[in-house]
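*Asks:* 3D model of this:
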Amino acid sequence: MDKKIIVGKLLSAHGIKGGIKVASYTENPDTLFKLKPLYCGDKEIALKKSGPHAMIEGVTDRTQAETYRNRELWVWRSQLPKPKENQYYIEDLIGLEVYTHAEELIGTVLSFHNFGAGDIMELKLIDGETEMFGYEQVEKVVIENARLYLKPLTH
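*Replies:* I've put the predicted structure just below:
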């Protein structure tokens, strides 16, 4: 089953002609404007870069642009380019089993968060509890075996 992948967010109206500020979550911010089809809610939209902001096809004034304020942009996972060797999308890590450096199963990847200081991985531990780890704690990822390994913890 194909997954929805959040690739950006429409922020706020810019100017009187329907411009809108955009936050891109893609590695290269301009990639957002090349993804087609691009969705906002359940609606397909055409987004075009226009200087420091963007224009949505059919949106011609500030009032219309404001209706898109704080809305996420997404694509289907199958639309994204295949990752290069030894690269992966964060979304592909959700559900992987998590092991210690010593091959001890400790849980599974539940989700990822980013509050501005880097990616944080939320794990569901085998005892049912959840715990957060900074992504810098990842030693290696083996997508083929659905495993993620953590570096040894230092105190």
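
*Asks:* Show me where the chain has its helices.
*Replies:* 62-66 (DSSP state H).

*Asks:* the domain parsing of it - what is it?
*Replies:* According to automatic domain parsing, the chain comprises the domains 4-77, 90-149.

*Asks:* most packed of those?
*Replies:* Comparing these by mean neighbour count (mean count of other Cβ atoms under 10 Å), domain 4-77 comes out on top with a mean of 16. Using the backbone N, CA and C atoms, a C-beta is placed for each residue, glycine as well.

*Asks:* what sits against Asp2?
*Replies:* 76-78 (Cβ atoms under 8 Å, 6 or more residues apart in numbering).

*Asks:* right, and Gly95 touches Ile143 too?
*Replies:* No: look at Gly95 against Ile143 with Cβ atoms under 8 Å: they stay out of range, at 11.1 Å.

*Asks:* The domains of the chain: which one's closest to Pro83?
*Replies:* domain 90-149 (7.8 Å; Cβ to Cβ).

*Asks:* so what's Cys40 bridging to?
*Replies:* Lys43, Leu73 (DSSP bridges).

*Asks:* do you know how far it is from Tyr89?
*Replies:* Distance of Cys40 to Tyr89, computed by Cβ to Cβ, to the nearest Å: 20 Å.

*Asks:* quick one, strands of the protein?
*Replies:* 4-14, 19-24, 38-40, 43-45, 47-50, 53-56, 71-76, 97-99, 105-114, 119-125, 130-134, 138-142, 147-150 (DSSP state E).

*Asks:* List the pairing partners of the longest one within its sheet, with orientation.
*Replies:* Right, the one you point to is strand 4-14. For strand 4-14, pairing defined by DSSP bridges yields strand 19-24 (antiparallel), strand 71-76 (antiparallel).

*Asks:* about what we covered before: just put the strands of the chain in a markdown table and tack on mean pLDDT.
*Replies:* Formatted as a markdown table, those follow (pLDDT from 0 to 100):
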| stretch | mean pLDDT |
| --- | --- |
| strand 4-14 | 94 |
| strand 19-24 | 94 |
| strand 38-40 | 96 |
| strand 43-45 | 95 |
| strand 47-50 | 92 |
| strand 53-56 | 94 |
| strand 71-76 | 95 |
| strand 97-99 | 97 |
| strand 105-114 | 93 |
| strand 119-125 | 95 |
| strand 130-134 | 94 |
| strand 138-142 | 93 |
| strand 147-150 | 95 |
